[in-house]
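**Student:** sequence plus the predicted model coming up.
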Amino acid sequence: GAVVSQHPSRVICKSGTSVKIECRSLDFQATTMFWYRQFPKKSLMLMATSNEGSKATYEQGVEKDKFLINHASLTLSTLTVTSAHPEDSSFYICSAPRAAGGEQYFGPGTRLTVT
Amino acid sequence: AQSVTQLDSHVSVSEGTPVLLRCNYSSSYSPSLFWYVQHPNKGLQLLLKYTSAATLVKGINGFEAEFKKSETSFHLTKPSAHMSDAAEYFCVVTSLYGQNFVFGPGTRLSVLP
């Protein structure tokens, strides 16, 4: 069964509003989680590394004030897209390693559509 | 820094014929390498992984890959394609501490009847 879940699986929001996406590790603790973005028919691009108890590390070109990440517990990381615009529409995927250097478990993804 | 190249953006094979999806990597350290499959509107599923053990790695659904350090390659193969294999395939290399995954651009596999 799934070891990393994401909620919601699909969300539609109006331009200018904020959307929160949750990523949970179901049967293990993850001090680090990763957030990716996937454009249609494209590969996954790492957006940021979510660190439990400390600030997230953002990749170059990713606006930290727009994509707020909170890793409040060892099993939950959230990504909030603030003041969403149509160009933020994408497939957002999180992942978590069960152990350092081990297999990454990916969530099923969240499809965001901003109208 | 790590990087991954998947030379073919699209591969088309007939059902029952062999599949070859190519992957070359660049890494300053001994890498861990993975192949993931993504079916349309689905999440990523791990096919197989190489983590410095046997160079020939067997995965699920009849797929296997061979790690060739001299060629910096990790090509994915399957002896006989099935219609259900049609999907997007990603080759992935880990970064220095084995946490951050670097994805290749992906190869879309089409299987013709």
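**Tutor:** Ah, there it is. Numbering: from 1, shown residues only, chains lettered A, B, ... in the order given.

**Student:** only C-alpha atoms for contact and neighbour calcs from this point on.
**Tutor:** Fine.

**Student:** can you pull the residues of chain A lying near chain B?
**Tutor:** A:34, A:42-46, A:97, A:100-102, A:104, A:106-109 (Cα under 8 Å from any Cα of the partner chain).

**Student:** beta partners of the spatially most central residue of chain A?
**Tutor:** Closest residue to the average C-alpha location of chain A: residue A:35 at 3.8 Å, with Cα atoms, centre = their mean. With DSSP bridges as the criterion, residue A:35 is bridged to residue A:48, residue A:94.

**Student:** residue B:48 too?
**Tutor:** Assessed by DSSP bridges, residue B:48 has beta-bridge partners residue B:35.

**Student:** same question for the one 10 residues further on.
**Tutor:** Beta-bridge pairing of residue B:58, defined through DSSP bridges, involves residue B:64.

**Student:** residue ranges with poor pLDDT in chain A?
**Tutor:** For chain A, applying pLDDT under 70 flags the ranges A:1-2, A:100-102.

**Student:** what about the strands in it?
**Tutor:** A:4-7, A:10-13, A:19-25, A:32-38, A:44-51, A:57-58, A:67-73, A:76-81, A:90-97, A:104-106, A:110-114 (DSSP state E).

**Student:** tell me the most buried of those?
**Tutor:** Of all the strands of chain A, strand A:90-97 carries the top mean neighbour count, a mean of 26, counting by mean count of other Cα atoms under 10 Å in any protein chain shown.

**Student:** just checking, what packs against that one?
**Tutor:** Applying 3 or more Cα pairs under 8 Å, 6 or more residues apart in numbering or on different chains; DSSP states H and E, we find strand A:90-97 packed against strand A:4-7, strand A:32-38, strand A:104-106, strand A:110-114.

**Student:** for chain B, what lies in contact range of chain A?
**Tutor:** Along chain B, the residues adjacent to chain A under the rule Cα under 8 Å from any Cα are B:42-45, B:90, B:94, B:97-100, B:102-106.

**Student:** can you flag the buried ones in those?
**Tutor:** B:44-45, B:90, B:94, B:98-100, B:102-106 (16 or more other Cα atoms under 10 Å in any protein chain shown).

**Student:** nearest to chain A, of those?
**Tutor:** Nearest to chain A among those: residue B:98, at 3.9 Å, using Cα to the nearest Cα.

**Student:** mind listing what the residue lying closest to residue A:66 once chain neighbours are set aside touches?
**Tutor:** Residue nearest to residue A:66 in three dimensions, not counting chain neighbours: residue A:82, with 5.1 Å by Cα to Cα, 6 or more residues apart in numbering or on different chains. For residue A:82, the contact set (Cα atoms under 8 Å, 6 or more residues apart in numbering or on different chains) comprises A:16-19, A:65-68.

**Student:** phi first, then psi, for residue A:82.
**Tutor:** Backbone torsions for residue A:82, taken as degrees, to the nearest 10, come to phi -90, psi 150.

**Student:** against residue B:32, how distant is it?
**Tutor:** Using Cα to Cα, to the nearest Å, residue A:82 is found at 35 Å from residue B:32.

**Student:** tell me which two in the residues of chain A next to chain B are the farthest apart.
**Tutor:** A:42 and A:100 (27.0 Å; Cα to Cα).

**Student:** can you give me the strands for chain B?
**Tutor:** Using DSSP E, strands in chain B cover B:3-5, B:10-14, B:19-21, B:24-26, B:33-38, B:44-50, B:56-58, B:64-68, B:73-78, B:87-94, B:101-103, B:107-112.
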